[in-house]
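>>> Build me a model:
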Amino acid sequence: MSPVDGICELVLETEDVTRLRRFYNGLGLDTLQQRDDRVWLAAGERARLGIWSPGHKEHGDRGGRHVHFALSARRGTLERLASGLRSEGTEVEGPVEHPGGDLSIYFSDPDGNRVELWDFFRDGDGSDQGVAALAD
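The predicted structure follows:
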């Protein structure tokens with residue numbers, strides 16, 4: 001069993017913290033904490049998404065520009081999430097079905113980060129088909 005059991009946080013860097021916070025609030029991520037130069041959003045029970053202005057923070061940290069990241073979505077919510085994004089003018093690809101039957105939608109946030117909402121971790125059937133498909 002791996003000693004690493006998940007992602008605690010992911011930090012995006014942006015020139016407009018408020019705009020990106022509003023975008024992710026619109027996906028249902030609640031604001032946990034906000035400062036002048038950064039904000040933390042709840043991304044599930046044990047993870048958070050940081051949105052930071054450019055520049056070094058404590059511990060030598062800074063946000064990052066990401067090509068792709070995925071957030072876990074509850075089974076049965078992807079169509080509603082995609083519809084909401086489209087109504088706000090966001091181009092959405094999917095839902096796309098993966099081996100094993102799980103689904104994803106793909107879109108870009110206002111800063112160009114490629115985001116995936118994936119119901120893989122929420123299928124609840126106890127199988128590891130999705131994990132096996134990742135290893136192929």
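
>>> can you list the domains in this protein?
Annotated domains of the chain cover 7-65, 66-136 [automatic domain parsing].

>>> Could you tell me the least trusted of these?
The weakest mean pLDDT among the domains of the chain belongs to domain 66-136, with a mean of 81.

>>> Now do it: distance to the chain's middle.
9 Å (CA atoms, centre = their mean, to the nearest Å).

>>> How about stretch 57-64?
So, by CA atoms, centre = their mean, the centroid of stretch 57-64 is 20 Å from its chain's centroid.

>>> the strands in the chain, which residues?
9-13, 31-34, 38-42, 48-52, 68-72, 92-97, 103-108, 114-118 (DSSP state E).

>>> As PDB, could you dump the C-alpha coordinates of the fourth one?
Yep, that's strand 48-52 we're talking about. Coordinates of the C-alpha atoms in strand 48-52 are reproduced here as PDB (Å, rounded to 0.1, in the frame of the first residue of the first chain):
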ATOM      1  CA  ARG A  48      -8.000  22.300  -1.800                       C
ATOM      2  CA  LEU A  49      -7.400  24.300  -4.800                       C
ATOM      3  CA  GLY A  50      -5.200  27.400  -4.400                       C
ATOM      4  CA  ILE A  51      -5.400  30.400  -6.700                       C
ATOM      5  CA  TRP A  52      -2.500  32.700  -6.200                       C
END
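
>>> Partner strands of it and their direction?
Each strand paired with strand 48-52, and its direction, by DSSP bridges: strand 9-13 (parallel), strand 38-42 (antiparallel).

>>> follow-up on the earlier one: to Met1, which of the strands of the chain lies closest?
strand 68-72 (20.2 Å; CB to CB). Any C-beta I mention is one placed from the backbone N, CA and C, and that applies to glycine too.
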